[in-house]
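Peer 1: Just to be clear, the model below is a prediction. Sequence and coordinates:
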Amino acid sequence: MGRGKIEIKRIENTTNRQVTYSKRRNGIFKKAQELTVLCDAKVSLIMFSSTGKFHEFISPNISTKTFFDLYQKTSRIDLWNSHYEKMQENYRRLKEINKKLRREIRQRMGEDLDDLNIKELQALEATMDSSLVAVRQRKYHVIKTQTDTHKKKVRNLEERHANLVLDLEAKLDHQDRIVENEGYYEPAIGLANGASNLYALHLNQNHQPNFLLHHGRRFESNDLRLA
């Protein structure tokens, strides 16, 4: 038995509709390929499914641009004229906007003012005043932000200094309890250039204290400064 005749009407079932579209699309593309090979024809197919999916076939012996150029030449229909006119109109509009903006920039720099009347000059002055206020507000905001940041750094340094002093006092209290035959050693702290260095102070009986640094240089007691 042969296949029954299919009624040509919209397939209501979505799944069946998509399956039929896929099969028949492949069949049309196959026929287009056969026409290209057998007849040396130039074939172009553009298809959109009901879901908006795009499919295209173009003969290998011609590009899409060349195909549409050939179509325009043969049918005498300009496909790009309206699009080109819109592009030209948009270009003219943007060019005018650019010209206006450049003129405003020159006027804000004190140039190109000869053609302005009193109202335009007053409007320009008001605009400049508003801009100046905005710039000053931003400047003060930046200054305040930087000042707050530096104050925070100073507070952190002060806290570090206080902690170092407390640590030094604790170590001094501990070292005061250490007594040796010739005397005792007492730590001293030298603060220089923002850094802390711990040195040993050797006190001998009947002698003035002196400092021995890691560089081998000695400092008398009157040379000691605690910063």
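Peer 2: That came through, no problem. Residues are numbered from 1 along each chain as shown.
Peer 1: use CA for all of it now, contacts and neighbours both
Peer 2: OK.
Peer 1: okay, which residue is most central for the protein?
Peer 2: With distances taken as CA atoms, centre = their mean, residue 142 lies nearest the centre of the chain, 20.9 Å away.
Peer 1: where's that residue, which helix or strand?
Peer 2: Residue 142 belongs to helix 118-175 when assigned by DSSP states H and E.
Peer 1: burial measure for residue 79, as a count.
Peer 2: By other CA atoms under 10 Å, the residues close to residue 79 number 12.
Peer 1: any idea whether it is helix, strand or coil?
Peer 2: At residue 79 the chain is in coil, as set by DSSP: H, G, I helix; E, B strand; the rest coil.
Peer 1: what sits against it?
Peer 2: The contact partners of residue 79, taken as CA atoms under 8 Å, 6 or more residues apart in numbering, are residue 72.
Peer 1: Find me the pLDDT at it, would you?
Peer 2: Residue 79 is assigned 80 on the pLDDT scale.
Peer 1: ditto for residue 58
Peer 2: 92.
Peer 1: Tell me what it is bridged to.
Peer 2: Beta-bridge pairing of residue 58 under DSSP bridges involves residue 44.
Peer 1: Please report the distance of it from residue 80.
Peer 2: Noted for residue 58: a distance of 20 Å to residue 80, by CA to CA, to the nearest Å.
Peer 1: Comparing the two, which residue is more hemmed in?
Peer 2: Higher neighbour count among residue 58 and residue 80: residue 58, with 18 against 10, using other CA under 10 Å.
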